[in-house]
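Visitor: structure for this input, please:
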Amino acid sequence: MANKVYHPTTPGRRQMSVQSFEELTKKAPEKNLLAPKKKTAGRNNTGKITVRHHGGGNRRKYRIIDFTRARTDESAKVIALEYDPNRTANIALVEYPDAKRAYVIAPVDLKVGDSIVSGSGADIKPGNTLPIWEIPLGTFIHNIELYPGKGAQLVRSAGAAAQLMAKENDMAQVRLPSGEVRYIRPECKATIGQVGNLEYSNVKIGKAGRKRHMGIRPTVRGSVMNPCDHPHGGGEGKSPIGRPGPVTPWGKPTLGYKTRNKKARTNSQIVKRRNDK
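Guide: Here you go, the predicted structure:
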């Protein structure tokens, strides 16, 4: 999907680009696959802001995505490609032989009229889901389960793809988009291919109003606040932060400070960290 650039008719338009949505074939979503999406931003019941920089934004309905792909050995036909306001990837509407419909994440090269299958023995082609132990080494995959039957939790955003690196000691090694290599149980399911909507990362917002439509409010730097509002605030003129490193408004280290628990239960599943040389 290519991006569209406008003529610079206004200062906001000058740097703006939007997606063309030329791949999408359906505008209105399936009503029986929608759910309410309650906003969690802003103030709590006492009037205090508990989630900063969030608020407003256009109203959305949640699209119920089939991440478990539990209907095995049934061919589903792709009948539409749609936009999902809740995620960066596009979604595909598929229909099973009994006329039941479901949404799935749309991978690259998936088109209307294609058929996708979930289950053991499925072909190695984009959109098909099968256990990791049946997938050949070197294959690019997405929608990866961490626990068998729980549903896909890894590699679901636009343009993302992991690669199956090895199978040994009853575990599979998968290289994630971040560069981390991780053990995954071989009975967990994964979907073949790369997540679609590759040009999403090249979109330029262009103006502040588009961020407000997304529900993102302005972020003010701590260094321009008063000392009572932020540890970086105060001083005459433009002052340094006055600490060994940057901190949050509540005094905790930030911007590069490692927060992962060194005793995390899943540390044993990580073969190579994403920032290891």
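Visitor: what about this structure, any weak spots by pLDDT?
Guide: Residue ranges of the chain with pLDDT under 70: 1, 277.
Visitor: helices along that one, start to end?
Guide: 11-14, 208-213 (DSSP state H).
Visitor: contacts for the last one?
Guide: Okay, so that is helix 208-213. Here helix 208-213 makes contact (C-beta atoms under 8 Å, 6 or more residues apart in numbering) with 12, 16, 56-58, 205, 218. No exception for glycine: its C-beta is placed from N, CA and C like everyone else's.
Visitor: among those, the buried ones, what's the ChimeraX command?
Guide: With 16 or more other C-beta atoms under 10 Å as the criterion, this ChimeraX line picks the buried residues out of those:
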select :16,57,205
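Visitor: which pair of the contacts of helix 208-213 spans the longest distance?
Guide: M16 and G56 (19.8 Å; C-beta to C-beta).
Visitor: closest one to K100 among the helices of the chain?
Guide: Per C-beta to C-beta, nearest to K100 of the helices of the chain: helix 208-213, 33.8 Å.
Visitor: C-alpha coordinates for that closest one, PDB please?
Guide: Taking C-alpha atoms only, helix 208-213 is exported to PDB below (Å, rounded to 0.1, in the frame of the first residue of the first chain):
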ATOM      1  CA  ALA A 208      -0.700  18.200  15.800                       C
ATOM      2  CA  GLY A 209      -4.400  17.800  15.000                       C
ATOM      3  CA  ARG A 210      -3.900  14.300  13.600                       C
ATOM      4  CA  LYS A 211      -2.400  13.200  16.900                       C
ATOM      5  CA  ARG A 212      -5.400  14.600  18.700                       C
ATOM      6  CA  HIS A 213      -7.600  12.600  16.500                       C
END
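Visitor: so which residue is smack in the middle of the protein?
Guide: Against the mean C-alpha coordinate of the chain, by C-alpha atoms, centre = their mean, the closest residue is S157 at 3.3 Å.
Visitor: quick one: neighbours of V78, just the number.
Guide: Using other C-beta atoms under 10 Å, V78 has 20 neighbouring residues.
Visitor: what do you get for I132?
Guide: Per other C-beta under 10 Å, the neighbour tally for I132 reads 21.
Visitor: can you tell me how far it sits from I141?
Guide: 8 Å (C-beta to C-beta, to the nearest Å).
Visitor: overlap in contacts of these two?
Guide: 164, 174, 190.
Visitor: neighbour-wise, which one of these leads?
Guide: A190 (28 neighbours).
Visitor: leaving out the residues flanking it, which one is nearest to that residue?
Guide: I141 (4.1 Å; C-beta to C-beta, 6 or more residues apart in numbering).
Visitor: show me what contacts that neighbour?
Guide: So I141 contacts 132, 135, 155, 161-164, 174, 190-193 (C-beta under 8 Å, 6+ apart).
Visitor: swap the cut-off to 7 Å and go again
Guide: Counting by C-beta atoms under 7 Å, 6 or more residues apart in numbering, I141 makes contact with 135, 162, 164, 190-192.
Visitor: state the pair within these that is farthest apart.
Guide: L164 and T191 (12.1 Å).
Visitor: contact partners of stretch 100-113?
Guide: 25, 30, 33, 63-66, 78-81, 89-95, 126-127, 142-143, 156, 191, 193-196, 198.
Visitor: report the buried members of the residues you listed.
Guide: The neighbour count (16+ other C-beta under 10 Å) marks 30, 33, 63, 65-66, 78, 80-81, 89-94, 126-127, 142-143, 156, 191, 193-196 as buried among the contacts of stretch 100-113.
Visitor: and the closest residue to S115 other than its chain neighbours, what are its phi and psi?
Guide: Among residues not flanking S115 along the chain, S75 sits closest, at 4.8 Å (C-beta to C-beta, 6+ apart). When read as degrees, to the nearest 10, the backbone of S75 gives phi -80, psi 130.
Visitor: how far away is S75 from I205?
Guide: For S75, the distance to I205 - C-beta to C-beta - is 40 Å.
Visitor: which ones among the shared contacts of I132 and I141 are found in strands?
Guide: Within the shared contacts of I132 and I141, residues falling in strands by DSSP state E are 164, 174, 190.
Visitor: brilliant, that's me finished.
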